[in-house]
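**Student:** coords please:
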Amino acid sequence: MANQYKKSMNLPKTGFPMRASLAANEPKRLQMWEDNDLYGQLLKKNEGHDKFVLHDGPPYANGPIHLGHAQNKISKDIINRYWSMRGYQTPYVPGWDCHGQPIEHKVEEMLGTEKFNQLPTVKIRELCNKLAVEQVDTQRQGFKRLGVLGEWDNPYLTYTHDYDATDVEIFKAIFDKGAIYRGRKPVHWCTHCHTALAEAEIEYGDEVSPAIFVRFEMTTVPEGLEAWEGKLDVAIWTTTPWTLPADDAVILHPEANYVAVVHDGRAAIFAEALWEKCAAKFGWDDATLVTRQDGTVWTMTGVELAHNRYKQPIFGDQGVEGEFIYADYVTLEDGTGIVHSAPGHGVDDYNAGMRFDIPIVMPVDDDGNFYKGDGMGTGGPWSGMNVNDANPKIIEWLDERGTLILHEDITHSYPHCWRCKQPVIFRATSQWFVSMDKTGLRKDALRELKKVKFYPEHSRNRITSMVEGRPDWCISRQRNWGVPIPAYTCEDCGETVMNDDTLDAVIKLFREKGSDAWFTEDPASYLGDACVCPKCGGHHLKANTDILDVWWDSGVSHTAVCKHRDYLQFPADMYLEGSDQHRGWFMSSLMTSVGAYDVAPYKSIVSQGFTLDGQGRKMSKSLGNVIDPNKVCDTRGADVLRLWVASVDTSTDVPCDEEILNHVGDAYRKIRNTFRFLLGELEGQFDPATDAVSLDKLMPYDRVTLARMCEVHDVVSKAYEGYRFNVVYRNLYDYVTELSNGYLNATKDRVYCGGKDSFERRSAQTVWAQILTMLVHDFQPILAYTTDEVMDYLPASMRDGQERAALLDWYQAPMAAGEYEPLLAVNRAIADSRSAFTKAYEEAVAAGVIPEKTTQAARAELTLPAEALKLVQDAGVNLAEPLVCSAVTLSEGEDFGAEVSHADGEKCPRCWNWRELGEDGLCDRCHDVVENNAE
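**Tutor:** Modelled structure (predicted):
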């Protein structure tokens, strides 16, 4: 446009910069938030209102934050910011899991194993504590940089005195109900880390194992097989040859039929369903079945064969025997249908053995080596050897004695330690357990889960199935860094001592001095009258050294945090974590809360997937595919990372790489440019308090657009309430694109070129202001920094009386659904008309009909279906504006269509529209504006 008309134009001007420079500017804004205690202001604003408590699951205090951490904390911040805008007070106390094996392992690596083993427990705990404090601060700074608001100066830490005491408080509550017991049961045992592991600390990976078929010589003869006495065996299959020294039973299926297979002068018992498959595998071409005197095949069921006996495969020559028992879990899919059983090396075997009073034999020490000796309970021929090294030796030994039928290697899923990644073994040790069934904990937990809301709903099935099938919870660990299990041993008689009086004394001790006192104080000094053995009356009690499972530690946060901080509430409104926490924190929190209080600790659970690279692979430094959130903040800015979290479906595993972040960066720029575009015609030029047009007087196109905006806002509100951030993002981003291509592009002529205070301009600005207000409010939970930056430039009446975006109330749409819904059909008719026009316009340009290549130089003859035509006409919308063309004529047709020709008149040099021009060379509107401006 000619320079002479610039003064009469309402050209955009705003201080809101086009370049975000987020990496440089966000830290300054964050510092401003901290200096002005924005989090405190947030709580004060909604003081006295209902609370929404999202209880933070504690990340482990180990290493800088990773992308999974970022997704987790950003998601929580989005939720808290949203509910705060809805008027709820949202106290958020972040926390850290500080005890446990990973920190202790790190200290051991730093010192070296030899030096580490020489240190007293108290010194090891001191070093672990120091490392945990350092790690907490490193992660805290990373989380704050993401724009997450919370009580960062007073987080909860699982090593504090009150937290230590709470561990024992909950222990006592569940102990008093009779659910905690000490027993010698097989548990996952890591020979590298020297500790028992819970199911939540197990990862599964493929391992190649030796699978062997072995015959055990029978010492009893089932009825009907008397002719085979001395030549009778039972055939078993196992993938753990090293467990044979602990064998003391074979397990059959109770209802399955078993037969006796004759080969090479001996008979061996197999499952009837598997004997032919086995014979073919072994090459027993001559195999036949033993028959009874009447010619029928001899069979017996597992129940009928129970209590027969056989020579123990390793120590049988010493007179050691094993027994036939049965259990439902024996399958007839692989092997022989008969399972070798070492109750000390497997939970299923243990449970089956208990029903038949089978003894538990444990020949393996903490390091995974066989005890030395010659008899049962030792490694015998493999004394002192590691169990994995013993496998091939045992197979060779069996082969030499003629009892090995077949050896083959198989690949199967096998449990590994979550920390050191080494395969674990099952090993019976004396541990502390929480019973799932003795006091009805399983039943009660399942009942409480039914009351919990799950997002997504199907994630309920995961924790429910885990509760249904989980064994008793092993809660003791053999480590240094953690909260001790408050049990004593009487040095006079060996009795384990634990009762209400001792537990109360420990709770008091830990609250005053912390759990370190367990290792430094003489029990007599704090137990007082409770320092007595109820069995022998002795007063010499020694503190035991087992510590509590770290999952217990984090699991009792419902009490240590939600109950002990009176500004929170129990149960919490929400727990949000990754899907792995169904067997971790969600589970331990549920068990400790139901065990102590008979109620779930959470009203709802949001379950999220894992972060992967762009190819769907797990992120790892070795692959070089790690996205470091700290680096993203330092280069792209935290708001880009926050926008990425909102853009993906976090209920499933989500990909992220540089290319994906580039796309998110493009989306961010489009959103930011829309903020800037709107501000350009509002900042310093329009204040709704004084300049807005009442909604009932808006121009038709403006009113229809406002209706569409209200619809988008309602969809976004529902998506926030359902924690579907990707639906929020998709609708807002699509709406921004829709505005850029449609309404804002169409009405900028009115806004730029109309009279400054004209009704037409004010009508459009009224809707522009509503759109900007809605976008700032709806994006605030996600784009925390950017929306706060926009606040610096908003007209005063658009700020809800606040200075900072986090303090805004939720946007109240100017139209209710009943008012805006009838106008949505008009909006769709406009959009369909635009599509038909655009296609025809592009054809006209290609044909040379519109040489100027601008829609303003076009006129259109539109056809619309009858219903759409009536809607547009009744609404009074002049389609020339949304189509950004010179003129439109309407007629009825079967479908939307358009014919485009060149506009009549000439191009106005001020507004560039094609109109009939006056003597001054301007269109009528521009003539009036220029003339009024001159006055």
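
**Student:** would you list every one of the strands in the stretch 401-550 of the chain?
**Tutor:** With strands called from DSSP state E, counting those that start in this stretch, the stretch 401-550 of the chain shows them at 404-417, 425-434, 453-455, 473-474, 476-477, 488-490, 496-497, 541-543, 547-548.

**Student:** quick one: which of these is nearest P245?
**Tutor:** strand 425-434 (13.0 Å; Cβ to Cβ). Quick note: C-beta positions are derived from backbone N, CA and C, even for glycine.

**Student:** what about the helix ranked longest in the chain, distance to the chain center?
**Tutor:** Longest helix of the chain, by residue count under DSSP state H: helix 817-846. The chain centre lies 42 Å from the centre of helix 817-846; the measure is Cα atoms, centre = their mean, to the nearest Å.

**Student:** Flag every buried residue along that helix.
**Tutor:** 820, 823, 825-827, 829-830, 833-834, 836-837, 840-841, 844-845 (16 or more other Cβ atoms under 10 Å).

**Student:** So which other helices or strands are in contact with that helix?
**Tutor:** helix 700-721, strand 858-864, helix 866-875, helix 880-883, strand 897-902 (3 or more Cβ pairs under 8 Å, 6 or more residues apart in numbering; DSSP states H and E).

**Student:** Quick one: closest of the ones you listed to T889.
**Tutor:** Across those, closest to T889 is strand 858-864 (Cβ to Cβ), at 5.0 Å.

**Student:** could you give the angle of the closest one to helix 866-875?
**Tutor:** 120 degrees (axes from the mean of the first three to the mean of the last three Cα atoms, to 10 degrees).

**Student:** List the contacts of strand 858-864.
**Tutor:** With Cβ atoms under 8 Å, 6 or more residues apart in numbering as the test, strand 858-864 has contacts from 829, 832-833, 836-837, 840-841, 844, 850, 872, 879-880, 883, 885-904, 914.

**Student:** Just the buried subset of the residues you listed, written out for PyMOL, thanks.
**Tutor:** Buried residues among these (16+ other Cβ under 10 Å), as a PyMOL selection:
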select buried, resi 829+833+836+837+840+841+844+850+872+879+880+883+885+886+887+888+890+893+896+897+898+900+903+914
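
**Student:** any weak-confidence spans in the protein?
**Tutor:** 1-3, 200, 934-935 (pLDDT under 70).

**Student:** longest single strand anywhere in this protein?
**Tutor:** Longest among the strand segments of the chain by residue count, using DSSP state E, is strand 202-217.

**Student:** which residue ranges form the helices in the stretch 201-350 of the chain?
**Tutor:** 275-282, 302-305, 347-355 (DSSP state H, counting those that start in this stretch).

**Student:** Pull out the buried residues from the first one.
**Tutor:** Residues of helix 275-282 classed as buried: W275, C278, A279 (neighbour count, 16+ other Cβ under 10 Å).

**Student:** can you check the longest one too?
**Tutor:** Neighbour-count burial for helix 347-355, with 16+ other Cβ under 10 Å as criterion, is recorded at V347, D348, D349, Y350, A352, G353.

**Student:** List the strands paired with the longest strand of the chain, with their directions.
**Tutor:** Counting by DSSP bridges, the strands paired with strand 202-217 are strand 232-238 (antiparallel), strand 404-417 (antiparallel).
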